[in-house]
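> Next comes the sequence, and after it the predicted model I'd like to discuss.
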Amino acid sequence: MAAAGPSVFLLMVNGQVESAQFPEYDDLYCKYCFVYGQDWAPTAGLEEGISQITSKSQDVRRALVWNFPIDVTFKSTNPYGWPQIVLSVYGPDVFGNDVVRGYGAVHLPFSPGRHKRTIPMFVPESTSKLQKFTSWFMGRRPEYTDPKVVAQGEGREVTRVRSQGFVTLLFNVVTKDMRKLGYDTGPSDTQGISGPSPPQGLPR
Amino acid sequence: MNPKEEKVKIITEEFNENDEDAGVGRQKKTSKIVRQKRKKRFQARALLRSKPEPPLPALLRRSDPPWLGASPCEASLLKLPTTGLQEMVSENPHLGNQPEPLQEDSDIRPLSMTTRRGPRSLPPIPSTSRMGFAEFSMRERMREKLQAARSKAESTLLQEIPTPRPRRLKSPSEKELETEFGTEPGEEVRRTQQEDDSQSQSRVKFHDSVQKIKSKPPVPPGFPSAEEAYNFFTFNFDPEPEESEEKPKAKNRDGTTQEEEEGEEEELPAQGIHKTDEEELLSAKEAEDLLLGLDHTAEDFVAVRPADYESVHIRLQMEKELLFVPSRLTVPTYKKLPENVQPRFLEDEGLYIGARPDMLRTCQNIMENRLLMQEPGGRWFGDDGGILALPNPIKLFPSRPPVLTQGQDIKAELETLYKKAVKYIHRSQHMIGSGDSPGNFQLDIDISGLIFTHHPCFSREHVLAAKLAQLYDQYLARHQRNKAKFLTDKLQALRNAVQTGLNPAKTPKSLDTTQKTINEYKSEIRQTRKLRDAEQEKDRTLLKAIIKVWKEMKSLREFQRFTNTPLKLVLRKEKVDQKADEEAYETEIKAEISELLEEHMEEHEQKMEEYRAAYQQWKAWKKAQRAKKKKKKQEVEEHPEEEMEEPYPGEDPVKPVPPEPTDRALMEQQVRERAARSRRRPGEPMLVPELSLAGSVTPNEQCPRVEVLRREDVKRRSIHLKVIFNDKEVSRTDSRPLGADFRVHFGQIFNLQIFNWPESLTLQVYETVGHSGTTLLAEVFLPIPETTIVTGRAPIEEVEFSSNQHVTLDHEGVGSGIPFSFEADGSNQLILMTSGKVANSVAWAIGENGIPLIPPLSQQNIGFRSALKRADAISSIGTSGLTDLKKLAKWAAESKLDPNDPNNAPLMQLISVATSGESYVPDFFRLEQLQQEFNFVSDEELNRSKRFRLLCLRSQEVPEFRNYKQIPAYDREIMEKVFQDYEKRLRDRNVIETKDHIDTHRAIVAKYLQQVRESVINRFLIAKHHFLLSDLVVEEEVPNISILGLSLFKLAEQKRPLRPRRKGRKKVTAQNLSDGDIKVLVNIIRAYDIPVRKPIASKFQQPSRSSRTFREKHAASPTTHSPTRSADYPLGQVLVRPFVEVSFQRTICHTTTAEGPNPSWNEELELPFRAPNGDYSTTSLQSVKDDVFINIFDEVLCDVLEDDRERGSGIHTRIERHWLGCVKIPFSTIYFQAKIDGTFKIDIPPVLLGYSKERSMIIERGFDSVRSLSEGSYLTLFITTEPQLVPGESVREKFDSQEDEKLLQATEKFQAECALKFPHRQCLTTVTDISGKTVFITRYLKPLNPPQELLDDFPDNPQATAELVARYVSLIPFLPDTVSFAGICDLWSTSDQFLDLLAGDEEEHAVLLCNYFLSLGKKAWLVMGSAIPEGPTAYVLTREQSHYLIWNPCSGHFYGQFDTFCPLKSVGCLIGPDNIWFNIQRHDSPLRINFDVAKPKLWKSFFSRSLPYPGLSSVQPEELIYQRTDKAATAELQDRIEKILREKIMDWRPRHLTRWNRYCTSALRHFLPLLERSRGEDVEDDHRGELLKQLGDYRFSGFPLHMPYSELKPLIEAVYSTGVHNIDVPNVEFALAVYIHPYPKNVLSVWIYVASLIRNR
């Protein structure tokens, strides 16, 4: 196989959902799953995960740390539909109902190496004030029918969302055979991997 | 301590000042103000000294404010100097002991030390320049004077000499000084005295000045006088330590000691001063000794040091080493650049340099200096020597709204500001862009005057004068240019050149080149000569014309005896030297002649040449002619006629005439003639016309009346001009009267402040006659000036105008536009139009600072530049103007765009592409002209590459590829066959192939169906991409009060209820699934009434009829069973051993075997599910067509023992299974229902050989009466999928509609109301028709005629007819919409469409059946409800005489309303042809509801009194037309099916031999039509008997299958599922017969009889 030239490339990602910044909420847990195109197939690792519940740190950072590991390997023939990780964060509201606190998605990094991503999170808004009140009261906030909606652009124009906080993810990316298939993603596959990428330009 | 030290310091400074004032060279103070301040301070100080305490404040108060401001410290000093004094005192010892190391005057250091030695100077004051040269002489004297005092003091000093040095003064720096100065105490003292001397002297002066001041302030009584006070401070006391010690205290505490001191005031002031100081010093020193000399250590005795002090010099020196203060001076460029490098200024070289950010020059200098100091490498400097800097990043305009500062008053924000109205200019792209600096640009229009070249009021003379003036102007212009002269000179030069060229001696050049040049010269000479002649001629004619006009004018004046114009022409004659002139003339002529001759010679030569050639030719021809003629002559005799044809059709070559040589004389004559015409004759004086206005105009009184009238008319006229800018009047000139000379002087300058780019500038000339209105004479169009033309530089230009108006006047004025003549006879008429010239100048104004107020260059010429700037340059290509790239390039070149400016980059690139010629500019417009560049690969390659093709097809969602996963990375890995199906489909789109379908009609229908499906799917694929909020976001509805209350109630609910409820299973979305993840669970619970085996009767027994007639069924009469039957079954014998086998997707599971006709299994079977193509998306799952077959078999044990003898020792049995019946449930039903739970009727073949229904053996309980209503066997089962799949939601059926909007609203309202009350009851008002339009449902219901055949069958039995019709409908194949229109929606086709398609789901069947019933005169409704296993479905309800019947349209069965086995489980609504009734009863089970729709409490009707039925037209056709089915085709189909099935059965038995029993087959074949005729009833026993007769020695098991025909595949599946082929008895034989009964409209009823036969031994 290898001698004849690979017909698929592999993308191995491990890392973790490190922490989150949700200034208003506490006791959150998060779920992740991957959304990928038709040419992609997971070969190893977990495609979905649900983390423990974490409480805010007592220091000034008020960080919610999960350190929830991600480890997944994909194979693909086509970079189209590059996998995205979709995160959804849940936590109790004042009445103790489990409500969604944020959705967010980001593409897995293309280039091998260590990447840190901070993704902004958002939740869908209620369609009216009354809805908002009742949803708050009943503890049934609007949710996406499928968290994977946030990884696609189609149909988003009908929704309204509110920004909630940030989740920081850490990825260590290893690719195999991408170069051989003609896809060049930054630092060469053969060479050593460069150091940590510069932090993402997101507001802290 | 510090503050005190400061005070002291100030005091010392004062003394320094004092010194300075005394004329001693002192340190120069930087500021005069400071100096003055200090002076004042000193004065105060002096006062302070001279006065006793109390008045001081007053004095201080009296002093100048500046002083007050400057002296707070001093004031405080006055208050508490004690500590300060102590300090001062402590200073004394080392003052006293201060060495005077050097007496030399030149030494600076000691001097500086001395200066310090002011009486109270404690800390060292830097005074480098305190070179009191005058002091030295004084010092000498002082020293002597001091001697005495010293000797006195010495004694005391010596006692105290081991002064303990105050510790606190010891600092590390002090130590050094100690060594330096602490050695010679004696000297030091001396110096002190010296110093004091000098000071004392100066003090004298101050004393005087103080005296002056003192005289002014009033001295309060009782206080010492100023004099006294002065003396008190300055008097020289005897150095008495005790006293002096006391003195400061006294001075500060109270004035009581004054008297003591006053007594000794007699001393000389100078000395006194000195003494005082000295005394002070000493006393201070002693005071210190007293105060601090408590412990005298050894070192104290040794170490006597001066004050620790670093001179300013040193400090500066040291600072210089440590600190770097960058200079502010400009750094010379050479320092900043590497050596020997000249600064380069990129901008000068034409490179683009952005504007550098603004920075103060000094700051830059400092930075440069610093950089140079720190890093001399110079890498901070650019090529031009400046600091490297990025272009100014600051935008001119703020992009963020200003943040309101918190502190600002809100009122200030709200205050109304008056702003002058600003004209919003956004007229067109021609506006001056707002992106550019919003300047106001100014155009200055200077209108100096206007001259009429013709005016209606012109008199004849004026006309002539104007003409003359015009000619004269022409003349002047010509004269100025003097073209004739220029040409003459040129000619001369050329001639000279030719001359020299001809002289070979002079030009030793190669001959031919000279010849060539000479030839060129010659031709040029010719040209020039012609031009010159023309010019000269023109000049001459002009002159002549001038003279002529002048003459005319003169004659006119004479004739009319008055003069109107002051014009006067003077012809100045310029004398010429007759001889020279003549000579020149002659030579000129000669030269000309010679040239001409030469020319002619050449011409002649050429002609001769031609002539010769021609002549030769002619001669040759002639010769030939002659020869021919001779020949001809001979022939002529014979053929005289031919003579005529002899001459060639072509004419004879004429004999060429030799050209004549030129005649010199003739030529000369010509030349002379011409010269005479165009040139001044030799000797003739040169005439220079001069036009002047010197003439006098005849005054009015001498003029005739007409002329006076004319003149008056002229006077009445006035002219003004309007300035029109961009078609708008912007200003106008004053109205000026028309002068007698028809000139109007305006001399006005208009400053136009413009915002818009000027497009046109027009002056309109208006004439006002008297008080009547103004008329527009003409418009003058002014050119818009070049940007280079600014005010002051613009020349006055004359722009002509003319008008076409016709004016006739009744006076001398000639009018305009009308003919007039100068001649008396009226000949030679002239028509003149009003015309004139406006003298004006237009220029751009210059602003205050000398900047021209011109719109920036970028806006020049093309206004769209600014628009361009704002938009993307590329994108605006194709808009106006820019399409012509050549022009654009030209413009770019002209406007000097900076090619390096990034702003222009796209434009420049474009231009470079356009002008380089590499790409041609197409003359067509193209959208997305850059698309090609963005194309990934060319289209051909896209098609060639299999991979790309696959990707494309997938993205187009072509069904075959929609869910193609993992498209290989390489072309080579893609099999060609991937595309085969697709290509085949494309190819076959219009080809109807009958292979699969056998029946052509079905094939056509299938094709049509396919096409409808495709088009609908395409529609819905698009619709699928429209999302609603509810598609994406799950949001709870706003609860109403009841739900809210319920939920509130729920809060109080127990957390752990005692009766736990079943929780829903987790639902799984389809994406993550893969093969094997999904299982179909089938729970077989029990069965009822399974047919039981019949004992193999040896004799044929005619049984009683077990079945009942139609009437019996709903008569609900229990059947009486013959007791004989029960005798058939000996007790204890197993009647039947049924087991259930479930097959799904060719996977087979079966239960254990139970016993008896009412077995109970309660077993769960698990079958894996595999989605087509491994695609588990909802759409794919919805379109799964597979069925779950639940077959019930009887397990029969056959004794196979051949030999009876062995029976005792062994059992040899074979298990056989006999198919009893099946239940078929489509997977799609399971998928949509999530679970199927219920009791289903087993589809048992009408004839089951060897079996019979066991009529309840233990007879008849009450229940039985109900149950027996519907005969048949039933199976209770539960089916679901694991995990539970989320059924895909059908696309919202929200399509366009032709229904009335009101109706649609009503439907929505109705549905909403219904849904509110009973959310689970199906309520249908509108449906989607096959073209995707929303149609009101009642339009589907309309009586439609069933096929006549069916009606004819039972003409007198309506019930039988109804059954037959139902059967007919049920024979139309069932095809759920969800399968055909995967996951889209429910489409309702009309009945004719349905019959054409021959496929449809429940609705279509129900609609058709309902329509038939309506046509039969029944009361029929469509029942929308849910049934098992179908789920939401449509049934038909009919009302018979007394009861209701529920018809299942798909099976053709009917049930009574109270039939427990009726599959319809709930009723949502009823639909009639003209109304809809929604079930609002408590129950929805048909058993428990009332079907009387007339009761509004039970049924909510759609159309009511408030909304009457509008009489909707039906969508159904008027009537249905049925074609008879082709019998032959049916027969053919029948044979083919039989053949195929036979092959299939053989295929399914690959390991066994399959034998066919022909005899049996034919028997079966005969039997099948009977079955059809009786519709599967009433025939079993007859049939069995017949079969037994025929096949007596076979054990027979078989059954007929009955199906509607749609395709072959379901038939095969059905046969397969029976498992007939599974018999592996070696000697088994098979029989298979197929019968197709044709019904009209190609509805086919298929019967398949399959049987296996085993020969009995």
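That came in fine, so what should we check first?
> Nearest to chain B within chain A, name that residue for me.
residue A:155 (3.0 Å; Cβ to the nearest Cβ). Where C-beta positions appear, they are placed from N, C-alpha and C, glycine not excepted.
> pLDDT value on that residue, please?
Confidence at residue A:155, expressed as pLDDT, is 82.
> Just give me the neighbour total for it.
16 (other Cβ atoms under 10 Å in any protein chain shown).
> which non-adjacent residue is nearest it?
With sequence-adjacent residues excluded and distances taken as Cβ to Cβ, 6 or more residues apart in numbering or on different chains, residue A:155 is closest to residue B:1027, at 3.0 Å.
> ok so, going back, contacting residues for the residue of chain A closest to chain B?
A:149, B:1025, B:1026, B:1027, B:1031, B:1032 (Cβ atoms under 8 Å, 6 or more residues apart in numbering or on different chains).
> ok, 10 Å please
The contact partners of residue A:155, taken as Cβ atoms under 10 Å, 6 or more residues apart in numbering or on different chains, are A:149, B:1024, B:1025, B:1026, B:1027, B:1028, B:1029, B:1031, B:1032.
> check contacts around the residue lying closest to residue B:361 once chain neighbours are set aside.
In space, and not counting its chain neighbours, residue B:361 is closest to residue B:330: 7.5 Å by Cβ to Cβ, 6+ apart. For residue B:330, the contacting residues are B:361, B:362, B:364, B:365, B:368, B:369, by Cβ under 10 Å, 6+ apart.
> Then residue A:20?
Counting by Cβ under 10 Å, 6+ apart, residue A:20 has contacts A:28, A:30, A:54, A:56, A:63-66, A:87, A:89, A:91, A:101-102, A:104, A:118-119, A:121, A:164-169.
> Sheet partners, orientation included, of the stretch of helix or strand it belongs to?
In this assignment (DSSP states H and E), residue A:20 forms part of strand A:9-21. Strand A:9-21 has the following strand partners under DSSP bridges: strand A:64-76 (antiparallel), strand A:161-176 (antiparallel).
> What about the contacts of residue B:330, which are in helices?
B:361, B:362, B:364, B:365, B:368, B:369 (DSSP state H).
> Could you report the pLDDT at the fourth one?
Spelled out, it's residue B:365. 86.
> Start and end of stretch B:1553-1560, how far apart?
With Cα to Cα, to the nearest Å applied, stretch B:1553-1560 spans 18 Å between its terminal residues.
> what's in contact with that stretch?
For stretch B:1553-1560, using Cβ under 10 Å, 6+ apart, the contacting residues are B:1542-1543, B:1545-1548, B:1563-1564, B:1587, B:1590-1591, B:1594, B:1596, B:1598, B:1621, B:1626-1633, B:1649, B:1651-1653, B:1655.
> From the residues you listed, which land in strands?
Of the contacts of stretch B:1553-1560, the ones assigned to strands by DSSP state E are B:1594, B:1596, B:1598, B:1628-1633, B:1649, B:1651-1653, B:1655.
> Enumerate every residue touching residue A:140.
With Cβ under 10 Å, 6+ apart, residue A:140 has these contacts: A:93, A:97, A:99, A:134, B:1034, B:1035, B:1036, B:1037, B:1039, B:1047.
> Could you confirm it falls within a strand?
No. Per DSSP: H, G, I helix; E, B strand; the rest coil, residue A:140 lies outside any strand segment and is coil.
> what's the neighbour count on residue B:1654?
Neighbours of residue B:1654 under the rule other Cβ under 10 Å: 18.
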